[in-house]
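> Predicted model follows, preceded by the sequence.
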Amino acid sequence: MKNKAILVILSALTLICITSCDPNRLYETNTQVADQKWTYEDVKTYTVDVADTTTCYNIYINIRHSFQFEWRNLYVQVGTQMPDGRKIEKRVNLPLCESDGKWYGSCLGDNCDVPVMIQHDAKFPQPGKYTFTIRQDMRANPLVNIKSVGLRVEKAKAAKVGQ
């Protein structure tokens, strides 16, 4: 029990150190899934305030799952509401492991943290608040062994000239 507590504390400190000094990050929030059972009704909502419409951004969905998660991927419905009220929604496939069963991302203990890029070099057409929703869209309901879901929006790195 004591070793498990130390492992959890070290994992949290590592995550804080990695994410606290990131000048490219515009937004990142992760939300726990109650009892590691993600239901259709448990829609995760994130509001991102965008001021700079000239910058390109990369958008990620963060998934934390257990080693006992039984699927190689995860389908989600991602909704976006623009500042002017327009809404779009699309189904997105989030790959979580290789064909041989090796998990993507960073795994420690029983946790695997997988950031999956869902949009590269995105531009926000207008300044203001964008509301993103993420809903699990698998056949299983509830979807077990999903620990948390999150959204990350970061400035895309500019390509070097000649590449």
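Yep, that arrived.

> biggest strand in the protein, by residue count?
Scanning the chain for the strand with the most residues, using DSSP state E, yields strand 111-122.

> just checking, what packs against that one?
Packed against strand 111-122 by the contact rule (3 or more CB pairs under 8 Å, 6 or more residues apart in numbering; DSSP states H and E) you find strand 57-66, strand 87-95, strand 106-108. For glycine as for every other residue, the C-beta is placed from the backbone atoms N, C-alpha and C.

> tilt between it and strand 87-95?
130 degrees (axes from the mean of the first three to the mean of the last three CA atoms, to 10 degrees).

> and strand 111-122, average pLDDT?
Strand 111-122 shows a mean pLDDT of 97 in the predicted model.

> try stretch 81-97
The average of the pLDDT scores along stretch 81-97 is 97.

> Not counting the longest strand of the chain itself, show me its contacts.
When contacts are defined by CB atoms under 8 Å, 6 or more residues apart in numbering, strand 111-122 is touched by residues 11, 15, 56-67, 69, 78, 92, 94-96, 103-107, 147, 152, 156.

> same thing with stretch 53-61?
Residues external to stretch 53-61 that are found in contact with it (CB under 8 Å, 6+ apart): 26, 76, 78, 92, 94, 115-127, 134, 149-156.

> mind redoing it with 7 Å?
Stretch 53-61 is contacted by residues 26, 76, 94, 115-127, 134, 149, 151-156 when judged by CB atoms under 7 Å, 6 or more residues apart in numbering.

> Tell me which of the helices and strands packed on strand 111-122 is the most buried.
For the helices and strands packed on strand 111-122, the largest average neighbour count (mean count of other CB atoms under 10 Å) is found in strand 57-66, namely a mean of 21.
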